[in-house]
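1. Model the structure of this input:
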Amino acid sequence: MSGTQVRPDGASARTSTPVTVRDAAFDVLRRRGMTKIFSNPGSTEVPFLVDLPPDLEFVLALHEGSVVGIATGYALGRGEPSFVLLHTTPGLGNAVSALATARVNRAPLVVAVGQQDRRHLAHEPFLAGKLAGLAGEYPVWVDQPVRPQDVPGALERAWHEAQTRRGPALVIVPMDDWQAPSPEPHEYAAPDRLVRAAAADAAAVEELAQLLERAESPALVAGAGADDPETWAALAALAERLAAPVWQEPFGARAGFPQTHPLYAGDLSADRARLREALSGHDVVLVVGAPAFRQYAYVEGPFVEEGTVVAVVTEDPAEAQRSRVQLAVLAPHASVCAALAERLPQRDAEPPASRPAPDPPEPGDALRAGHVLAELAARLPSDAIVLEEAPSNRPELLARLPARDNLGLISPAMGGLGFAMPAAIGLRLALPSRPVVAIIGDGSSLYAIQSLWSAATYGVGPLFVILKNGGYAIMDRLAEHEGGASAWPNVDVDIAGLAQVFGCDARRIADLDTLREVLDEVVPDLADRNEPLLLEVTVEPDAAFLP
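-> Predicted coordinates:
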């Protein structure tokens, strides 16, 4: 038998010697705080899961995309890696899109992938997987331990890889490895503790400071990597010192700046011409926690006007290296921004005018997404976590529901659908005191509707608001933009009925008065909900889409 105790430094120490590789792996999970196992298992995972110790909690989802989505939300909420267990080729294959989203959304995951018995892998038996490259380049690290005794150390290293590189780290484990004799303590190829420097290099700060000091009209761009309390505060102090507008990166995964701040200028366009227009007139643009710049459809020309100097501060080497900028600095965001705010003189310039929220649609109009979003904006508390997966309504959602707290707005930055519903469940599991609202298109909801079963089964209470326009509205708008007719039919599915089949309470709403009544009833108690609720709101499709 094995157990753990917490050391004074916060890590855990073994209290007895593990007997098997499985025992040693359980110790790794306890030591690294991964005591929830998110999975949809198969036969290759049974040796690991049978008679699971009571201090380890198993969380089942009915599709691997939902498994990874829930684990992603849990990791984002905790800021630490979640543990995922997938079933060889079918499980990993089903999960690839969700793993890609986790990578782009900077979610740390430790993913153990089951494999057939090591002793006859050479014969390619049933369920033997060609797993190492199946997820492509989306994992930050992939390991196939050479011998069973290397598995616990590989899981420990995967924790470090996921935490440091902010993405999914995979370990492939043959099913017979779990019952093999445990390794000796000195065989773990991973440090007990990994300390990351939190201070920025003084020379790098000085180079950025001189660039901003010379600027006549600086501007800031905040990205998903800046979504933590320390960076929000430091970035706000820097913006106030510069009297500079702050934009949100295009198609960002999370809000990198308090979006009710007077200096917040809005979301940058994912259209290159409109991006240039927004940043025109600024001679220096400092991007924090994002690349420069993510775009959508290709448009010719540079990202910024001639004469505009762009610099990037990021902790992600790949993000820095693909940015077309004059200066890229790899350093902790909060430290750099705080040092710049102290180093730079206060500007006397008049700050730019703050961006007002758009007026809500007229009550007499047909019910539109704008009505729903405006009514939510009037009621949601400042600490609400809003997940966005309504592609055709995204620009209006961003305009009406500003992020007022860290994790206030989360989007699937990869563009793949099926993220918001399971991620909302994981976030609510991780942060049970915060209201969680997922605003999802009806088409998007069908990619992960089965995740509602997990919310109902485990007593997790997000609010799911489904904007039902009865078709693929964003695809219709894109087809119109191309000047042609769409090839796909409209899709009208009973979303509320499906939710009820999976054990989730659901209501149908088709008019503004009913919407207001339901929101007045439901929103005040969102923080205390322990059961999911789905609102299927029938809305007219928006006539335009401008990314």
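
2. contacting residues for residue 216?
-> residue 283 (C-beta atoms under 8 Å, 6 or more residues apart in numbering). No exception for glycine: its C-beta is placed from N, CA and C like everyone else's.

3. what's the spacing between it and residue 42?
-> 62 Å (C-beta to C-beta, to the nearest Å).

4. Could you verify my assumption that residue 503 touches residue 454?
-> No: judged on C-beta atoms under 8 Å, residue 503 makes no contact with residue 454 at a distance of 9.7 Å.

5. Neighbour count: the two, which is higher?
-> More crowded of residue 503 and residue 454, by other C-beta atoms under 10 Å: residue 454, with 29 against 14.

6. Can you verify the more buried one is assigned to a strand?
-> No: going by DSSP: H, G, I helix; E, B strand; the rest coil, the assignment for residue 454 is helix, not a strand.

7. Can you report how many residues neighbour residue 348?
-> If you count neighbours by other C-beta under 10 Å, residue 348 ends up with 6.

8. For it, list the residues it contacts.
-> Going by C-beta under 8 Å, 6+ apart, residue 348 touches residue 243.

9. Give me the pLDDT value at it.
-> Note on residue 348: pLDDT of 82.

10. Check the one 10 residues further on too.
-> The predicted structure scores residue 358 at 71 on the pLDDT scale.

11. was I right about it contacting residue 401?
-> No: in this structure, residue 358 is not within contact of residue 401 by C-beta under 8 Å, at 11.5 Å.

12. Neighbour count: the two, which is higher?
-> For residue 358 versus residue 401, the count of surrounding residues by other C-beta under 10 Å is larger for residue 401: 22 against 12.

13. Next one: that one from residue 53, what distance?
-> Applying C-beta to C-beta, one obtains 42 Å for the distance of residue 401 from residue 53.

14. Over to residue 534?
-> Separation of residue 534 from residue 53 (C-beta to C-beta): 35 Å.

15. In terms of neighbours, single out the busier of the two.
-> residue 534 (27 against 13).

16. and the more buried one, what helix or strand is that in?
-> Counting by DSSP states H and E, the element that carries residue 534 is strand 533-538.

17. just residue 329 next, same as before
-> Here residue 329 is covered by strand 327-330, with elements defined by DSSP H and E.

18. which other residues reach that strand?
-> 200, 204, 207-208, 211, 309, 311-315, 317, 320-321, 336.

19. Residue 316 reaches residue 140, doesn't it?
-> No: shown here, residue 316 and residue 140 do not form a contact pair, counting by C-beta under 8 Å, at 10.6 Å.

20. okay, and the common contacts of the two?
-> Listed contacts common to residue 316 and residue 140 are residue 166; contacts here mean C-beta under 8 Å, 6+ apart.

21. that older thread, just the buried residues from the contacts of strand 327-330, in PyMOL please.
-> To isolate the buried ones among the contacts of strand 327-330 in PyMOL, judged by 16 or more other C-beta atoms under 10 Å, type:
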select buried, resi 200+204+208+211+309+311+312+313+314+315+320+336
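
22. Now do the same contact list for the residue nearest in space to the middle of the chain.
-> The residue lying closest to the centre of the chain (C-alpha atoms, centre = their mean) is residue 105, at 3.9 Å. With contacts defined as C-beta under 8 Å, 6+ apart, residue 105 is in contact with 72, 76, 224, 253-254, 410, 412-414, 419.

23. which of the residues you listed lies closest to residue 462?
-> Nearest to residue 462 out of those is residue 410 (C-beta to C-beta; 11.9 Å).

24. Check the spacing between the closest residue to that closest one other than its chain neighbours and residue 455 real quick.
-> The shortest distance from residue 410 to any non-neighbouring residue, by C-beta to C-beta, 6 or more residues apart in numbering, is to residue 387 (4.9 Å). The gap separating residue 387 from residue 455 is 13 Å, by C-beta to C-beta.

25. same deal with residue 66?
-> Computed as C-beta to C-beta, the residue 66 to residue 455 distance reads 10 Å.

26. Kindly report the same for residue 94.
-> 19 Å.

27. end-to-end on stretch 253-268?
-> 13 Å (C-alpha to C-alpha, to the nearest Å).

28. I figured residue 249 hits residue 266, correct?
-> No: taking contacts as C-beta under 8 Å, residue 249 lies outside contact range of residue 266: 11.5 Å.

29. which of those two has more neighbours?
-> residue 249 (28 against 16).

30. Name the residue most distant from the centre of this protein?
-> residue 123 (39.6 Å).

31. what are the ranges of the helices in the stretch 101-250 of the chain?
-> 151-165, 202-214, 229-242 (DSSP state H, counting those that start in this stretch).

32. and those, which is most packed in?
-> Of all those, helix 151-165 has the most neighbours on average by mean count of other C-beta atoms under 10 Å, namely a mean of 24.

33. wait, residue 114 sits on residue 87?
-> Yes: using C-beta under 8 Å, residue 114 is in contact with residue 87, at 5.4 Å.

34. what's the overlap in contacts for the two?
-> By C-beta under 8 Å, 6+ apart, the residues touching both residue 114 and residue 87 are 41-42, 44-45.

35. what stretches of the stretch 351-500 of the chain score poorly on pLDDT?
-> Applying pLDDT under 70 to the stretch 351-500 of the chain flags residues 351-357, 473-474, 477, 481.

36. Do a quick rundown of the helices in it.
-> Secondary structure of the stretch 351-500 of the chain, counting by DSSP H, counting those that start in this stretch: helices at 369-379, 394-400, 420-430, 442-445, 451-457, 473-481, 495-501.

37. any idea how far residue 338 lies from residue 235?
-> Per C-beta to C-beta, residue 338 is found 9 Å from residue 235.

38. Repeat that for residue 162.
-> Counting by C-beta to C-beta, the gap from residue 162 to residue 235 is 25 Å.

39. Kindly report the same for residue 119.
-> Distance, residue 119 to residue 235, using C-beta to C-beta: 55 Å.

40. same deal with residue 130?
-> 45 Å.

41. what's the answer for residue 76, then?
-> Distance of residue 76 to residue 235, computed by C-beta to C-beta: 19 Å.

42. do residue 25 as well
-> As for residue 25, its distance to residue 235 is 40 Å (criterion: C-beta to C-beta).

43. just residue 197 next, same as before
-> Taking C-beta to C-beta, one finds residue 197 at 20 Å from residue 235.

44. number of nearby residues for residue 366?
-> Residues near residue 366, counting by other C-beta under 10 Å: 11.

45. check contacts around it.
-> Applying C-beta under 8 Å, 6+ apart, we find residue 366 in contact with residue 540.

46. hmm, try it at 10 Å
-> Residues in contact with residue 366 (C-beta atoms under 10 Å, 6 or more residues apart in numbering) are 511-512, 538-540.

47. cool, residue 131 as well?
-> Contacts here follow C-beta under 10 Å, 6+ apart; on that basis residue 131 touches 86, 88-89, 91-93, 113-115, 142, 144, 170, 172.

48. Find the nearest non-adjacent residue to residue 194, please.
-> Of all residues not flanking residue 194 in the chain, residue 160 sits nearest, at 5.3 Å (C-beta to C-beta, 6+ apart).

49. From residue 74, how far out is the one you found?
-> 19 Å.

50. now residue 208
-> 35 Å.

51. What of residue 457?
-> With distances taken as C-beta to C-beta, residue 457 is found 16 Å from residue 74.

52. What about residue 333, how many residues nearby?
-> If you count neighbours by other C-beta under 10 Å, residue 333 ends up with 26.
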